[in-house]
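[1] Build the 3D model from these lines:
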Amino acid sequence: MNDHLQDLLANNRQWAETTKQREPGFFTRLAQQQSPRYMWIGCADSRVPANEITGLDPGEVFVHRNVANVVVHSDLNALSTIQFAVEHIKVKHIIVVGHYGCAGVRAAMRGIRVGLADNWLRHVQDVRLRHRRRLDHLPPDQQEDILCEMNVIEQVGNVALSTVLQDAWARGQAVSVHGWVYGLSDGLLKDLKVSMDRPESVVNVFGEAIKRYPRGPAAVSADFADDENDDISLGSPGAGSP
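    Numbering: from 1, shown residues only. A predicted model of the protein is given here:
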């Protein structure tokens, strides 16, 4: 076996032994059940480990990750994971977490081709187009940071409008959806103040969150005729409330 892989196995043995010494019975308890209060929907970026960032142990956060932390209503992988978390594990909080410096968001912002993932990142490009008047007047580095935040806000809305959350709220289940962004440069999480905990809160919370980003004075292309309300609509075409 490759020496680097052997190093990983050796690290694992050391970690397991240290954990047992520090907290006897840890693995026995962990094996008995999975009952986290939190679900983390984040980017697949290796620099953003959910447990370490939040100071939680294994078993305390249920994690789903993909490129650019996107939640699409046709993605059965994400929806199945959310449904398992909500209906079987009974999580109380679903947190969509983006991060500044996200390569997927940068590619969508700059129109960089990366391969097959271009099709996936089309969803982030849709966010950019929908909110272009709130982005185009900003310096390039700020555009990427703001698009990271807007993308999180959009995905929070998509989670909230999924049949899984709508059904959970309809039966009175207490579960909330939140949006955060992680800073690679300082290790801090930023709460985007976009929490949703019932169906009637979704559109208003989303709209108020997006309005925090001022529109610029730039004219809009005739190919994308704009009006005052079209950039506070949730999701891509076909992704409305069930």
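
[2] can you pull out the strands in this protein?
    Counting by DSSP state E, the chain forms strands over residues 38-43, 61-66, 93-99, 176-182, 189-191, given from the N-terminal end onward.

[3] Now the shortest one: average pLDDT?
    Here strand 189-191 scores 98 as its mean pLDDT.

[4] Pull the residues that contact it.
    Ile53, Thr54, Val97, His178, Gly179, Trp180, Val181, Tyr182, Gly183 (CB atoms under 8 Å, 6 or more residues apart in numbering). To be clear about C-beta, it is placed using only N, CA and C from the backbone, and glycine gets the same treatment.

[5] Between all of these, which two are at the greatest distance?
    Using CB to CB, those span at most 16.8 Å, a distance reached by His178 and Gly183.

[6] Find the least confident helix or strand in this structure, judged by mean pLDDT.
    Within the chain, judged by mean pLDDT, DSSP states H and E, the helix or strand with the poorest mean is helix 26-32; its value is a mean of 83.

[7] So which elements touch that one?
    In this structure, helix 26-32 makes packing contacts with helix 3-22, judged by 3 or more CB pairs under 8 Å, 6 or more residues apart in numbering; DSSP states H and E.

[8] what's the domain layout of the chain?
    Per automatic domain parsing, the domain ranges recorded for the chain read 1-32, 36-232.

[9] Quick check: which of those is buried the most?
    Using mean count of other CB atoms under 10 Å, the stretch among the domains of the chain with the greatest mean number of neighbours is domain 36-232 (a mean of 18).

[10] Now do that domain: distance to the chain's middle.
    4 Å (CA atoms, centre = their mean, to the nearest Å).

[11] Spit out the contact partners of the residue most central in space within the chain.
    Nearest to the mean C-alpha position of the chain, counting by CA atoms, centre = their mean, stands Val96 at 3.0 Å. If a contact means CB under 8 Å, 6+ apart, then Val96 has Ile41, Gly42, Asn69, Val71, Val152, Gln155, Val156, Val159, Val177, His178, Gly179, Trp180 as its contacts.

[12] Tell me the bridge partners for it.
    As for beta bridges, Val96 partners with Ile41, Gly179 under DSSP bridges.

[13] Quickly note the distance from it to Ala160.
    Distance from Val96 to Ala160, counting by CB to CB, to the nearest Å: 10 Å.

[14] what sits in contact with each of those two?
    Both Val96 and Ala160 are contacted by Val177, under the criterion CB under 8 Å, 6+ apart.

[15] From Tyr182, how far off is the nearest residue to Val48 once chain neighbours are set aside?
    Spatially, and ignoring its direct neighbours in sequence, Val48 is nearest to His99 (5.1 Å; CB to CB, 6 or more residues apart in numbering). Taking CB to CB as the criterion, His99 is separated from Tyr182 by 4 Å.

[16] Which residues are in contact with each of these two?
    Between them, His99 and Tyr182 share these contacting residues under CB under 8 Å, 6+ apart: Val48.

[17] from memory Thr104 sits against Arg65, does it?
    Wrong residue type there; residue 104 is Gly, not Thr. No: no contact is recorded between Gly104 and Arg65 when judged using CB atoms under 8 Å, the distance being 11.7 Å.

[18] Now for these two: what residues contact both?
    When CB under 8 Å, 6+ apart defines a contact, the residues bordering Gly104 and Arg65 alike are Cys43.

[19] hmm, back to that, ok, the residue nearest to Val48 to Gly42 distance?
    With the distance defined as CB to CB, His99 ends up 8 Å from Gly42.
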